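Colleague: predicted structure and sequence below. I'll ask about it afterward.
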Amino acid sequence: MAVAASPSLTLPPPARRATQKPSRRTPPRDVVSWTSTIARPAREGDLPATAAALSAMLSSPAARAPNDVTLLTVLSACAGAPSSPLARPLALSLHALAIKLFPSHLLLCTCLARFYLASRLPHLALQLFGSMPVRSVVTYNTMITGLMRNGLVAAAREVFDGTPVRDKVSWTALIDGCVKNGHHEEAIDSFHAMLLNGVEPDYVTLIAVISACAEVGALGLGMWVHRFVAKQSLEHNVRIANSLVDMYARCGQVELARQVFGKMRKRTVVSWNSMIVGFAANGRCTDAIEHFEAMRQEGFRPDAVTFTGVLTACSHAGLTDEGLRYYDAMRSEHGIAARMEHYGCVVDLLGRAGRLDEAMQLVTTMPMRPNEVVLGALLAGCRMHGDVEMAEQLMQDLLEQDPGGDSNYVLLSNIYAADGKWDGVGKVRSLMKARRVKKTPGHSVVEIAGDVHEFVCGDRSHPQARELFDMLGLLRYEMAVCESCE
């Protein structure tokens with residue numbers, strides 16, 4: 001890779017104090033001595049001093065050219081301080097120097113690519129990668145991981161597809177990257193391909209796959225992974241166990257989540273949070289509160305996520321006063337500042353109980369501007385209790401924050417309809433049409449033989465759509481026959 005105009009390496013040395021006596025140390029004479037001098041500030045994270053030492057070496061007429069260890073030492077210092085304003089220009093200069101001295105040095109090029117990716121410069125990493133005459137599996141894995149962290153899933157996939165020999169790290173980088181970028185179905189497909197290629201996953205791979213199963217509701221695959229975990233004697237790995245608890249709870253199998261939780265030899269705050277939030281999300285509000293109290297009795301300190309779970313449980317169970325007590329305890333006893341999600345839970349709690357004025361007062365006194373989730377919770381309370389005036393007031397704020405949020409329009413339209421204000425319904429529909437807002441169709445997901453199928457109302461894009469609609473017609477006919485017989 002050619003660098004058109006690399007920054008100069010003539011960097012000023014650190015300023016000397018007025019009271020400091022002149023140094024009588026003999027200047028380094030060989031590359032090893034110079035590298036040792038550079039390495040001292042590099043190990044301490046002092047990037048300016050590291051750059052100054054390298055500049056002194058390059059400007060010394062008696063010094064030989066730096067070797068690869070010298071450049072790697074400075075590059076490591078840059079990687080250790082990526083936020084320093086000196087890191088990026090210094091790394092670019094090292095790149096130019098490396099091309100001049102070591103045009104095909106594998107380790108140097110790989111380290112430079114890693115630095116560019118960590119510094120959010122993926123285009124430079126890709127240019128360097130494309131110019132490398134020799135690449136190792138470490139180089140490929142570095143690129144896949146770094147591109148995924150920069151959100152470039154397609155580019156990472158292209159690098160992966162071009163990897164001559166894919167090891168466990170390659171597959172894990174691909175699967176984990178897909179999960180973290182929201183490509184959950186692709187992550188699951190890649191996991192299947194990994195197994196078909198005879199590569200055995202490690203615990204990092206398994207955690208990523210379990211997370212993907214939780215996101216798409218692939219319970220069958222999640223249970224298969226659980227059996228694989230048990231076969232590999234990994235069930236006591238805390239991170240894997242936490243992931244399994246979360247997966248089962250999010251797939252609606254909260255009893256299976258409880259079984260995994262009960263067998264854990266060691267639990268963390270994350271373990272308790274997964275159970276509490278899982279119970280709350282599945283309507284097991286009493287169990288959520290009981291686990292919250294048990295968590296405290298066992299000496300664990302609840303965090304912000306814990307209180308989100310218990311407040312959600314209180315809201316769904318209609319335990320308004322108890323939820324408010326937990327909210328006050330979160331701030332006064334545990335010193336946890338309320339976040340947006342906590343305000344949303346309390347607003348929902350008050351809204352469900354019909355205490356709309358208190359909910360509105362909380363919204364107006366929040367230290368931050370309420371987002372569409374908080375306002376939407378209050379709007380839902382208005383619909384539940386028929387407060388049209390407050391709903392109209394909230395809708396103005398919601399239109400400013402989330403003008404494309406179709407659910408808010410639909411909610412207000414339903415409020416008008418329930419109150420018999422059909423002119424209001426017409427106005428909402430006209431506003432949606434003017435702003436080109438369309439109601440997002442609902443969809444259903446079903447897992448069959450390990451494959452997840454998604455259906456939208458009226459959608460015929462499924463590869464077996466014809467057979468599905470034929471079966472639907474048959475079922476309708478049979479139902480009609482049964483009704484006529486009755």
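Modeller: Done, it's in. Numbers count the residues shown, from 1 in each chain.
Colleague: residues contacting V32?
Modeller: Residues near V32 by Cβ atoms under 8 Å, 6 or more residues apart in numbering: none. C-beta here means a position set from N, CA and C on the backbone, and glycine is covered the same way.
Colleague: which secondary structure element is home to it?
Modeller: helix 31-43 (DSSP states H and E).
Colleague: which helix runs longest in the protein?
Modeller: Criterion DSSP state H: the longest helix present in the chain is helix 465-485.
Colleague: ok now that one, how far from the chain's centre?
Modeller: How far helix 465-485 lies from its chain's middle: 43 Å, per Cα atoms, centre = their mean, to the nearest Å.
Colleague: so what does the helix or strand following the helix holding V32 touch, helix or strand wise?
Modeller: Counting by DSSP H and E, the next helix or strand C-terminal to helix 31-43 is helix 47-59. Here helix 47-59 touches helix 31-43, helix 68-80, helix 87-101, going by 3 or more Cβ pairs under 8 Å, 6 or more residues apart in numbering; DSSP states H and E.
Colleague: what residues of the helix holding V32 count as buried?
Modeller: For helix 31-43, a neighbour-count test (16 or more other Cβ atoms under 10 Å) marks V31, W34, T35, T37, I38, A39, P41, A42 as buried.
Colleague: and those, which two are furthest apart?
Modeller: The largest distance within the buried residues of helix 31-43, taken as Cβ to Cβ, falls between V31 and P41 and amounts to 17.3 Å.
Colleague: now for the longest helix of the chain, which elements pack on it?
Modeller: Judged by 3+ Cβ pairs under 8 Å, 6+ apart, helix 465-485 is in contact with no other helix or strand.
Colleague: if you set the cut-off to 10 Å instead, what comes out?
Modeller: With contacts defined as 3 or more Cβ pairs under 10 Å, 6 or more residues apart in numbering; DSSP states H and E, the packing partners of helix 465-485 are strand 451-456.
Colleague: pLDDT on the strand it packs on, on average?
Modeller: Averaging pLDDT along strand 451-456 yields 65.
Colleague: flag the shaky bits of the stretch 101-250 of the chain, pLDDT-wise.
Modeller: Applying pLDDT under 70 to the stretch 101-250 of the chain flags no residue at all.
Colleague: please, where are all the helices along it?
Modeller: Here the stretch 101-250 of the chain has its helices, by DSSP state H, counting those that start in this stretch, at 106-118, 122-131, 137-149, 153-161, 168-180, 184-196, 203-216, 219-231, 238-250.
Colleague: could you measure M275 against S36, distance?
Modeller: M275 sits 54 Å away from S36, going by Cβ to Cβ, to the nearest Å.
Colleague: my bad, G381
Modeller: 69 Å.
Colleague: and Y140, by the same measure?
Modeller: 33 Å.
Colleague: rewinding a little: tell me which of the helices of the stretch 101-250 of the chain lies nearest to F307.
Modeller: Checked against Cβ to Cβ, the stretch from the helices of the stretch 101-250 of the chain lying closest is helix 238-250, at 17.5 Å.
Colleague: return the set of buried residues in the closest one.
Modeller: R239, I240, A241, N242, S243, L244, V245, D246, M247, Y248, A249, R250.
Colleague: again, but for stretch 121-139
Modeller: Buried residues in stretch 121-139, defined by neighbour count with 16+ other Cβ under 10 Å: L121, P122, L124, A125, L126, L128, F129, M132, R135, T139.
Colleague: stretch 173-183 now?
Modeller: A173, L174, I175, D176, G177, C178, V179, N181, H183.
Colleague: same deal with stretch 220-229?
Modeller: By 16+ other Cβ under 10 Å, the buried positions in stretch 220-229 come out as G220, L221, G222, M223, V225, H226, V229.
Colleague: now those as TSV including distance to L107?
Modeller: Shown next, in TSV, are these (distance: Cβ to Cβ, whole Å):
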residue	distance to L107
G220	44
L221	39
G222	40
M223	43
V225	36
H226	40
V229	36
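Colleague: ok, H334 - contacts?
Modeller: The neighbourhood of H334, defined by Cβ atoms under 10 Å, 6 or more residues apart in numbering, consists of R296, R301, P302, D303, A304, T306, F307.
Colleague: pull the most distant pair out of those residues.
Modeller: Greatest spatial distance among the contacts of H334 (Cβ to Cβ): R296 and A304, at 15.2 Å.
Colleague: helix, strand, or coil at R258?
Modeller: Classification of R258 using DSSP: H, G, I helix; E, B strand; the rest coil returns helix.
Colleague: neighbours of it, how many?
Modeller: 19 (other Cβ atoms under 10 Å).
Colleague: quick one: P103 and C109 touch, right?
Modeller: Yes: P103 is within contact range of C109, at 9.4 Å (criterion: Cβ atoms under 10 Å).
Colleague: got any residues that touch both of those two?
Modeller: Listed as contacting both P103 and C109 by Cβ under 10 Å, 6+ apart are S131, P133.
Colleague: what residue lies at the spatial centre of this structure?
Modeller: K180 (5.0 Å; Cα atoms, centre = their mean).
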